[in-house]
Each structure stands twice: as C-alpha cells, then as structure tokens.
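Q: Whatever this is, show me its structure:
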Amino acid sequence: MKELQHLNKYFLKYKGRLLLGILITIIAQIFALVAPKLIGNSLTTVDKYIKGEIKNIEIVESALLENILYIIGAAALASFFTFLMRQTIINISRYVEYDLKNEVYQQYQNLSTNFYKKNRTGDLMNRISEDVGKVRMYAGPAIMYSIRTITLFACLVPLMFITAPKVAVYTLVPLPILSFLIYKLSRAIQKRSTIVQQFLSKLSTFTQESFSGVSVIKAYGIEPEIKNTFDDMVVEGKTKNMNLVKVNAWFFPLMILLIGASSILVIYIGGLQYINGQIDVGVLAEFIMYVTMLTWPVASIGWVTSIVQQAEVSQKRINEFLKVEPEIQNLVTESTPIQGNIEFKNVSFTYDDTNITALKNISFSLNMGETLAIVGKTGSGKTTVLDLISRMYDTSEGVIEIDNIPIKDVNLQSLRSAISIVPQDAFLFSETIQDNIKFGKEDATEEEVIAAAKFASVHKNIIGFKKGYDTILGERGITLSGGQKQRVSIARAIIKNPNILLLDDCLSAVDTETEEEILSNIEHMTQNKTTIIVSHRISSAKNADKIIVLDNGNIIQNGTYEDLIEEDGYFKELYLKQLSEKDL
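A: Numbers count the residues shown, from 1 in each chain. Got it, this is the predicted structure:
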C-alpha cells in the first residue's frame, strides 16, 4: 500500500469526520452484538422451563417480552448508527475523490506542452476518471468495511472466549487458512488489475482519437477497418477483464466455505458440550448467530482486498503523473508589470523529443508598440519564436528578455496574462461562439463580443447562423469553416486587449480581401501594443516596422518591407512570386 500513502494528507484533512465515522461504526457494532446474547438468554430460559428448572410460566413470558423489546431497540439503534456510518465515511470518499481530481487536473494544467506531446489524451482522461474512481472505492467502502470488520472482531472474539473458550477456538480455526488464501489471491489481483487499467487507457485513447478524427475516417472510407480494430480491442479487453474476474470469483466461494466449516464446528463441538451439560442451549444458538454475523465481514475481506489492490495500481498510475516536475517553473511569486519590450539574445532551441534544432543563435529586439513580421519556409522556426515568448518552452541556449528582465525572472501568470496568441491551428471549444470569444475575457459584455467579431471580420458570418452568437460549435469548432475558425480565434485574442499580440499564420484560410480588412484593423488597434505576425504571405508583413526572414533556424534577412523587396534574397523572391500569382 505504499502508493496509497499519497492519500494520507486527505485523511488528515478530514480526520474529524473520519474519527466520528469510526466512533459511529464501533457504536453500531456494539448494538448489533446485543441481539445474539438476548436471543441466547431467551432460549436458555425456555430450555430451563422445559426441563422444569423454572416452574412459573409468567417468569418465562416476562423474560421473553423484556428480551424482545431490548432486541427491537438494539436493532433499531444499530440500523440508525449503521446509516450514520455510511453517511459519514462514504461522504469522506467523495471529498477525497473531489480533492484528488482537482489535484490531478491542476497538475495537468501545470505540466508543459512537451508533456502532452509524449502522452495521449485517452490515457490522461482515464487516469483522472477510471483510476480516481478506483481510489475512491478504497477511501470509502474499503475503509468502512475494514473498520466494521476490525471492530466486530475486536468486540466479538473476546466475548466468544469469555462465553465458551473451547467452542471459540474451533470457530476461529479456519481464519488463518483464510488469511493465507487472501494473501495469495491479492497478489494475483494486483498484477491483473495493472494489466486491465493499462488496457483501459489504450482503449480510451483509441476511441477518443476515432471520435475526434471521424471526418478523416469517413473521408478515407476506412470505417470497416476502424470497426474491426475496435472489435479486436474489445475482445482483448474482455479477455484481460475475465482473467481478473476469474481470480476475484474465488473469494466469495472460499469465504462461504470457510464460514460453513466454522458453523459445522460450532454445531458439533457446541452440541457435544451441551449434551455433556457444559454449556446451555442458548450459548450454542448464540455462537451460531456469531458465526452468521461474521459471514459478511469475513467475506468482505476478500472484496476489500480486491478494492485495495486495484486502488494501489490506480494510485500508482496517478502518482506517475503527479511526480512529474513541470519543465516550465514560475520562479517569481509577485506579479510583474508587462510593457511589451522583447529581446532575443543569441537564442537557440532544440526539441528534445525529435532532437531538431529549431532556432540557432538568433538575436533581435522589439520595442513596445512595434510590429515584427517573421517570414520563412515551413519548419524554419517561426512558431518556435512565439512559443518561447509565451514560455511554452524554455530556451536551450541564450536569453529572452521582457522589458529588460530575463523571461525566467518574470511572473509566468503575469506574462501569459499580457499575451494573446492566435495559433496556426485555431482551437475552439464545444461551447457557443459567444463563449469561445469570451474565453479571452470572461466578463466581456455582449457589445464587446460583437465589436471583437466585427474587428475580426466574422460578425456577418455569425449573425447568418440560425442561433447567431448562441450557436454551439462541435468539437474543435468543426461547425465552422477553416477561415471562420481563424477569425473567431482572432476575435478571442483581440477582446483580451493584450500588451503583446502573437499571430501565427492565422490568416492562411481567409481570402485576400478579408485579410486586408483584418490587417488594417490590427494595424489600427496595435499602435501601442507589441505585435508579432508570422506568415507565409508577403502582404501580411507590409505594415510591419521590422521583418526578419528565417531559414532552418537562422535569420538570413532582416529590415523593413521597402528594404527587403529591393534586396536580393528569399523575401524578394517570395514577393515577386506572390505578386505574379495575384496578377494571375
């Protein structure tokens, strides 16, 4: 249970409720033990009357009536406290589940972009849902039944030895055998639970990717192949689960068998002692009820063991991600005011997953309110520049300064709050168009949303929809065209009113006329904002104060638009090529 020690901080957090639950459990079990003793006394009284040891029937009736009332009262109180026990301890498990899910989700948010390149979405989802659910069963039912079983044994075993030591010994003989079998089975359960949970992550990843990429699947007509793959995975999953179930299936039969053996021993040994006059018949009945009371607690040991083993496996998988140190650390606790001055000093960057060096010793500076255009071939490192400014990654070599402060010495939250970025692949959430735009400013008014949409030249498209701004988008904004997604993404960035605006080839899917309109709006809006525009189109760079041309991670040209179209090189070649295409 080493991995489950991670939950101890939550048990300490709710220790008051937990201690109350334990107290209630003990009280419930004490009241439950009253009935066997009273029933035994009642049978003994009747037996004595039959044997003639008690002559007055009224004494028997009075004793029976009194015992019946006590039994009813004890049963009612035991039921009431059992209800309170479940309400207390099971609720704790829900609190622990809530806290653990929040902890995992917060860790997911803290982890860097690089982490998500190496791990699949389905696996991430499975750990925060299925695995946390398994852990909750440990924090609730497993603890509750364990406390109940321990309390029952702690109260019942001494009582049994006080009442009839010899019968008690024979009654408890099967328990060591039970312990050994539980140990062997629990090891097998742990191994097979690990296999099942790992496969669930694989299955979740496959289904999630299939649903997200359903348009590609349909376009290529590969539905049968995907269906066959899914069928094979389902069969594989059934096989792995059946292997686990087969082991689990041994528990209850073994428990019932051993409880049955205890009952036989009680009847046989207790019967001999009753015949020899060593115990009363009520004691014999009392012990049979004790064995019956032990049936579920002892049987639940196997169930609880299975829960604990599965929770151990799931918590281990959760801990694997919780122990990952975020690559991007916020080293400054106090907020940092951001003006918008940016400077790269001999910056190099290599992606550790592909070992590709995207930037090689590049340097440039950009003052607050200036616009920089970055032009270059695909894979030249343009997007990497933007990722480094927003600290999605840290530089491999060199320094980036924001307002003359090394970027690592700037509060991360302050930095990202001052930046709006429109990525190359616009991502929209499965919410309304209005909610997607307000993602940039949560408390934005309807007028601000409409103004941002007009700025991005998408307002006319939106009001043409049946539900307008209340149109709910499909996953990743599939409801909209590529150009519409890009423009909604621009509106989301603009409404934030950032100090630094980063545009990563975000006009590639719009026509030239719309591009001109948006660029004109951006030029007007960003007069006092630092703007970086990444583009393959020369037209996107013509209003920039500075232009740099990247090739294979190196700056091969830099200057103004007028300078570069006169200078022989990549920029002039691209200008002439796109100019001829426009004429055609």
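Q: Residue 182: how many residues sit nearby?
A: 20 (other Cβ atoms under 10 Å). Quick note: C-beta positions are derived from backbone N, CA and C, even for glycine.
Q: wait, it sits on residue 305?
A: Yes: in this structure residue 182 lies within contact range of residue 305 using Cβ atoms under 8 Å: 5.4 Å.
Q: Now the terminal residues of stretch 496-514, how far apart.
A: The straight-line separation of the ends of stretch 496-514 (Cα to Cα, to the nearest Å) is 22 Å.
Q: Go through that stretch and flag the buried ones.
A: 496, 498-507, 509-510, 514 (16 or more other Cβ atoms under 10 Å).
Q: Also stretch 104-120?
A: For stretch 104-120, using 16+ other Cβ under 10 Å, the buried residues are 104, 107-108, 111-112, 114-115, 119-120.
Q: Stretch 126-138 now?
A: Buried positions in stretch 126-138, judged by neighbour count with 16+ other Cβ under 10 Å: 126-128, 130-132, 134-138.
Q: which other residues reach that stretch?
A: Residues outside stretch 126-138 that contact it (Cβ atoms under 8 Å, 6 or more residues apart in numbering) are 4, 7, 93-94, 96-97, 100-101, 104-105, 108, 197, 200-201, 204, 307-308, 310-315, 317-318, 321.
Q: so of these, which ones are in helices?
A: 93-94, 96-97, 100-101, 104-105, 108, 197, 200-201, 204, 307-308, 310-315, 317-318, 321 (DSSP state H).
Q: Filter these down to the buried ones.
A: Buried residues within those, counting neighbours by 16+ other Cβ under 10 Å: 93, 96-97, 100-101, 104, 108, 197, 200-201, 204, 307-308, 310-315, 317-318, 321.
Q: Redo the buried residues of stretch 104-120 as CSV? Include pLDDT and distance to residue 250.
A: Putting the buried residues of stretch 104-120 into CSV (pLDDT from 0 to 100; distance: Cβ to Cβ, whole Å) gives the following:
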residue, pLDDT, distance to residue 250
104, 93, 33
107, 92, 37
108, 90, 38
111, 88, 41
112, 85, 45
114, 82, 45
115, 86, 40
119, 82, 36
120, 79, 34
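Q: Mind picking the two most distant members of these?
A: For the buried residues of stretch 104-120, the maximum inter-member distance is 18.5 Å, found between 104 and 114 (Cβ to Cβ).
Q: pretty sure residue 426 contacts residue 506?
A: Yes: if you go by Cβ under 8 Å, residue 426 and residue 506 touch, sitting 7.0 Å apart.
Q: who touches both of the two?
A: Jointly contacting residue 426 and residue 506 under the rule Cβ under 8 Å, 6+ apart are 486, 489.
Q: Just give me the neighbour total for residue 171.
A: Residues lying near residue 171 (other Cβ under 10 Å) number 26.
Q: Backbone dihedrals for it, please?
A: For residue 171, the backbone dihedrals are phi -70, psi -40 (criterion: degrees, to the nearest 10).
Q: Give me the pLDDT for the closest residue to residue 469 other than its chain neighbours.
A: Counting by Cβ to Cβ, 6 or more residues apart in numbering, residue 469 lies nearest to residue 434, which is 4.1 Å off, once chain neighbours are set aside. pLDDT recorded at residue 434 is 91.
Q: what's the answer for residue 498, then?
A: 90.
Q: Number the chain from 345, please
A: Noted, 345 is the first residue going forward, which turns the last one into residue 842.
Q: Let's verify it: helix, strand, or coil?
A: Classification of residue 842 using DSSP: H, G, I helix; E, B strand; the rest coil returns coil.
Q: Pull the contacting residues for it.
A: Contact analysis of residue 842 by Cβ under 8 Å, 6+ apart lists 762-764, 873.
Q: Reformat those as TSV; add neighbour count, secondary structure and pLDDT.
A: TSV is the format used below for these (neighbours: other Cβ atoms under 10 Å; DSSP: H, G, I helix; E, B strand; the rest coil; pLDDT from 0 to 100):
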residue	neighbour count	secondary structure	pLDDT
762	21	coil	92
763	22	strand	91
764	25	strand	91
873	19	coil	88
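Q: ok, so of the residues you listed, who is nearest residue 832?
A: Each of these was checked against residue 832 using Cβ to Cβ; the closest is residue 764, at 13.4 Å.
Q: Pull up the per-residue confidence for the closest residue to residue 910 other than its chain neighbours.
A: Excluding its sequence neighbours, the residue lying closest to residue 910 (Cβ to Cβ, 6+ apart) is residue 916, at 7.3 Å. We have a pLDDT of 88 for residue 916.
Q: ok, residue 916 - contacts?
A: By Cβ under 8 Å, 6+ apart, the neighbours of residue 916 are 908-910.
Q: try residue 817
A: Counting by Cβ under 8 Å, 6+ apart, residue 817 touches 772-777, 780, 823-824.
Q: let's go with 6 Å and repeat that
A: Residues near residue 817 by Cβ atoms under 6 Å, 6 or more residues apart in numbering: 772, 823.
Q: I'd like the distance between it and residue 849.
A: In this view, residue 817 and residue 849 are 22 Å apart by Cβ to Cβ, to the nearest Å.
Q: Where does the nearest residue in space to residue 739 that is not next to it in sequence sit: helix, strand or coil?
A: Spatial nearest neighbour of residue 739, chain neighbours left out: residue 691 (5.2 Å); criterion: Cβ to Cβ, 6+ apart. Classification of residue 691 by three-state DSSP places it in strand.
Q: quick one: residue 691 and residue 664, what's the gap?
A: Distance, residue 691 to residue 664, by Cβ to Cβ: 33 Å.
Q: Same check on residue 593?
A: 30 Å.
Q: now residue 382
A: In terms of Cβ to Cβ, residue 382 sits 54 Å off from residue 664.
Q: what about the two, which has more around it?
A: Neighbour count, other Cβ under 10 Å: between residue 382 and residue 664, residue 382 has more, with 21 against 11.
Q: okay, now the domains of the chain?
A: 347-666, 686-927 (automatic domain parsing).
Q: Dump those domains into JSON lines; add distance to residue 680 as well.
A: Below are the domains of the chain laid out as JSON lines (distance: least, Cβ to Cβ, whole Å):
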{"stretch": "domain 347-666", "distance to residue 680": "19"}
{"stretch": "domain 686-927", "distance to residue 680": "4"}
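Q: contacts for stretch 534-551?
A: Residues contacting stretch 534-551 (Cβ under 6 Å, 6+ apart): 464, 466-467, 469-470, 474, 577, 581, 584-585, 587-588, 653-654, 657.
Q: Might you specify the subset of those residues located within helices?
A: 466-467, 469-470, 577, 581, 584-585, 587-588, 653-654, 657.
Q: okay if I get the residues you listed as a markdown table plus distance to residue 888 and pLDDT?
A: As requested, the ones in helices among the contacts of stretch 534-551 are exported to a markdown table (distance: Cβ to Cβ, whole Å; pLDDT from 0 to 100):
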| residue | distance to residue 888 | pLDDT |
| --- | --- | --- |
| 466 | 42 | 75 |
| 467 | 42 | 80 |
| 469 | 42 | 83 |
| 470 | 46 | 82 |
| 577 | 51 | 89 |
| 581 | 55 | 89 |
| 584 | 58 | 89 |
| 585 | 59 | 88 |
| 587 | 63 | 87 |
| 588 | 62 | 85 |
| 653 | 62 | 82 |
| 654 | 58 | 82 |
| 657 | 55 | 86 |
